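Participant: Next input, structure requested:
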Amino acid sequence: MRWRAMTPGDLDGVVAVARIAFPDHPEGRACFAERLTLAPGSCFVLEGAQGIAGYLIAYPWPLEAIPPLDTLLGGLPDKRDSWYLHDLALLPEARGGGNARAGLALLFTKLDAPIALVSVNESAAFWQAQGFEPQDSPALKAKLSSYGPDARYMVRGAPNPG
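Facilitator: The predicted structure is shown next:
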């Protein structure tokens, strides 16, 4: 398996992986297509023998601004002081072999600002092992409500400070 840049032809595979990886957080094809259009240099797929086995999507975004699930952004905001890791998703057969870390390493080579994410599906320990730290505030708790009770907003410092 290898990570490569995502293309529009990969979107059906991305949607298929998302349905398996995030059954409680469904997002439509248009959401993934828009992210790819807005930030093509930070969208990747994990290509396996049977097709797309995973994907990774990130885009410039302000800290503590959590995009609503399955919502089109309409563009990137003027204030972009960080990156938002929208998703890192792997099919079950692609997990446990270092594929997640390899995808993150590829992404981190391209980023020169802090990166934030919302941890779901009890994945906070994985993200902490990657250098992300949980952030907590009443405003964040309200924004996280649609992501489920275990959702955590997490931030990692700039991987490649410029």
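
Participant: CA atoms for contacts and neighbours, from now on please.
Facilitator: Noted.

Participant: OK, contacts around Val120?
Facilitator: Tyr147, Gly148, Asp150, Ala151, Arg152 (Cα atoms under 8 Å, 6 or more residues apart in numbering).

Participant: So which of those residues belong to strands?
Facilitator: Arg152 (DSSP state E).

Participant: With pLDDT and distance to Ala94 added, can I get the contacts of Val120 in TSV?
Facilitator: Output for the contacts of Val120, formatted as TSV (pLDDT from 0 to 100; distance: Cα to Cα, whole Å):
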residue	pLDDT	distance to Ala94
Tyr147	81	24
Gly148	79	25
Asp150	83	24
Ala151	86	23
Arg152	90	24
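
Participant: Where in this protein is the helix or strand with the lowest mean pLDDT?
Facilitator: Least confident element among the helices and strands of the chain, by mean pLDDT, DSSP states H and E: helix 138-144 (a mean of 79).

Participant: what's that one in contact with?
Facilitator: With Cα under 8 Å, 6+ apart as the contact definition, helix 138-144 has outside contacts at Glu64, Ile66, Val118, Ala151, Arg152, Tyr153.

Participant: which two in those are spaced the farthest apart?
Facilitator: Glu64 and Ala151 (13.8 Å; Cα to Cα).

Participant: Now the phi/psi pair for the residue positioned nearest the centre of the chain, please.
Facilitator: The geometric centre of the chain, computed from its C-alpha atoms, lies nearest to Asp87 (Cα atoms, centre = their mean), at 2.3 Å. The phi/psi pair for Asp87 (degrees, to the nearest 10) reads phi -160, psi 150.
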